[in-house]
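[1] predicted model, plus sequence, below.
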Amino acid sequence: MKKILIIAALLLSYGSTIACDICGCGAGTYYVGLLPQFTKRFVGIRYQYSEITTQLGPNGERTTLTSDERYRNMDIWGAWNIGDRFRVMAILPYSFNEKYNAASDELRKKNGIGDIVVNGYYKILEKTGSTDRKLINQSLWAGVGIKFATGKYDTFERLNAQGNSPNIFQLGTGSTDILLNAIYDIRISDFGINANVSGKINMENSDDYHYGNKLSGNISAYHKFSLGQDRRISPTLGVAAETQMKDKTMGFVVDETGGKLVQGIVGVELTLNKVSFGINYQVPLAQKLALGRMDAGNKAFAHLSFAF
């Protein structure tokens with residue numbers, strides 16, 4: 001039970017940092033989100049939803065080029081603990097993308113497999129102590145992962161983006177990219193704080209397009225409430241911030257890309273024995289994306305997972 005609680009506390013809010021890729025397309029399908037509580041391994045399904053408005057005018061106003069985009073992912077995911085210090089996780093996404101332009105009344109859709117992600121994690125520190133009769137647990141994990149170019153990258157979309165606009169209506173990035181992450185967690189009895197820093201290093205794809213690298217971080221507070229034997233509910237509240245560099249095509253900067261985003265995050269995880277259900281909702285608090293010509297909307301996440 002102690003091991004389960006440590007793992008859950010460590011990773012309850014993990015993923016909030018990488019939850020909010022500036023785009024919701026294939027470039028952003030590696031979101032982890034709330035992890036279920038488990039000791040050895042788990043497998044489950046996840047649903048993600050995000051919305052974004054692109055090609056706004058120079059003052060953020062809607063124009064005839066403005067599009068409203070929605071990205072939905074249905075993922076199969078799982079993780080396996082190897083000994084006491086190692087963990088491997090994999091995510092297989094299937095995407096449902098929509099892009100609507102009101103001026104032309106045109107609705108475009110793209111469905112298909114996204115970019116598969118495999119992550120490996122190593123537990124650097126696990127320390128337990130007490131003060132004022134309260135148990136204190138600290139943990140530090142570091143991870144590295146690979147995002148494979150399994151989702152379809154459509155070269156037409158880059159041409160359709162009109163040079164300086166974001167090339168995000170894709171099922172995949174067309175490149176194999178590197179993910180880095182470090183997580184620190186401290187829990188005093190049933191209350192905890194989690195801090196997370198992550199980075200994504202993107203490679204240039206065969207279309208000579210390079211999505212901007214990303215750096216993000218978050219801090220979240222959570223509390224675990226017992227509902228009886230092997231039954232728990234854990235709400236979490238936090239804030240995440242990220243910055244993404246501008247894209248490049250054939251070595252030239254794509255001006256209306258990249259930017260900064262701050263989001264508020266609220267979520268909850270419910271565990272009933274070996275079954276876990278989690279939800280996560282994210283609201284933009286401040287943003288400056290693509291020189292003000294892109295507006296990120298709310299995002300939602302849910303999962304149903306089984307430990308075994």
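    Cool, the structure landed. Numbering: from 1, shown residues only.

[2] and the strands in the stretch 1-150 of the chain?
    41-54, 67-82, 86-101, 106-113, 117-131, 134-147 (DSSP state E, counting those that start in this stretch).

[3] what's the closest of the ones you listed to Phe277?
    The closest approach between Phe277 and any of the strands of the stretch 1-150 of the chain, judged by Cβ to Cβ, belongs to strand 41-54 at 9.4 Å. No exception for glycine: its C-beta is placed from N, CA and C like everyone else's.

[4] mind listing what's buried along the closest one?
    Within strand 41-54, the residues that count as buried by 16 or more other Cβ atoms under 10 Å are 42-44, 46, 48-54.

[5] mind pulling up the pLDDT for the nearest residue to Thr63 once chain neighbours are set aside?
    Of all residues not flanking Thr63 in the chain, Gly57 sits nearest, at 4.7 Å (Cβ to Cβ, 6 or more residues apart in numbering). Each residue has a pLDDT score; the one for Gly57 is 92.

[6] quick one, what contacts Gly57?
    Under the criterion of Cβ atoms under 8 Å, 6 or more residues apart in numbering, the neighbours of Gly57 are 63, 66, 293.

[7] let's see if you can find the most crowded of those.
    Highest neighbour count within these: Arg293, with 25 neighbours (other Cβ atoms under 10 Å).

[8] how close does the closest residue in space to that residue that isn't next to it in sequence sit to Gly143?
    The shortest distance from Arg293 to any non-neighbouring residue, by Cβ to Cβ, 6+ apart, is to Leu56 (4.6 Å). Using Cβ to Cβ, to the nearest Å, Leu56 is found at 36 Å from Gly143.

[9] just Thr131 next, same as before
    On the measure of Cβ to Cβ, Thr131 and Gly143 end up 30 Å apart.

[10] show me the shaky parts of the stretch 51-200 of the chain.
    162-163 (pLDDT under 70).

[11] go again with 50.
    Residues of the stretch 51-200 of the chain meeting the criterion pLDDT under 50: none.

[12] returning to that earlier point: of the strands of the stretch 1-150 of the chain, which is nearest Val262?
    Nearest of these (Cβ to Cβ): strand 41-54, 15.5 Å.

[13] the closest one pairs with which strands, and in what direction?
    Applying DSSP bridges to the sheet, strand 41-54 is found paired with strand 67-82 (antiparallel), strand 295-307 (antiparallel).

[14] got the buried residues for the last one?
    Applying a neighbour-count criterion of 16+ other Cβ under 10 Å, one finds 295-297, 299, 301-303, 305-307 buried in strand 295-307.

[15] okay, the residues you listed in JSON lines with distance to Asn280 and pLDDT next?
    Listed next are the buried residues of strand 295-307 as JSON lines, based on distance: Cβ to Cβ, whole Å; pLDDT from 0 to 100:
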{"residue": "Asp295", "distance to Asn280": "21", "pLDDT": "95"}
{"residue": "Ala296", "distance to Asn280": "16", "pLDDT": "94"}
{"residue": "Gly297", "distance to Asn280": "15", "pLDDT": "95"}
{"residue": "Lys299", "distance to Asn280": "8", "pLDDT": "93"}
{"residue": "Phe301", "distance to Asn280": "4", "pLDDT": "91"}
{"residue": "Ala302", "distance to Asn280": "8", "pLDDT": "93"}
{"residue": "His303", "distance to Asn280": "9", "pLDDT": "93"}
{"residue": "Ser305", "distance to Asn280": "13", "pLDDT": "94"}
{"residue": "Phe306", "distance to Asn280": "19", "pLDDT": "93"}
{"residue": "Ala307", "distance to Asn280": "19", "pLDDT": "90"}
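
[16] those: which two are farthest apart?
    That would be Asp295 and Ala307, which, of these, are the farthest apart (Cβ to Cβ) at 38.8 Å.

[17] how near is Lys123 to Ala302?
    27 Å.

[18] Phe277 now?
    8 Å.

[19] I figured Ala149 hits Asp115, correct?
    Yes. With contacts counted by Cβ atoms under 8 Å, Ala149 reaches Asp115, the gap being 6.4 Å.
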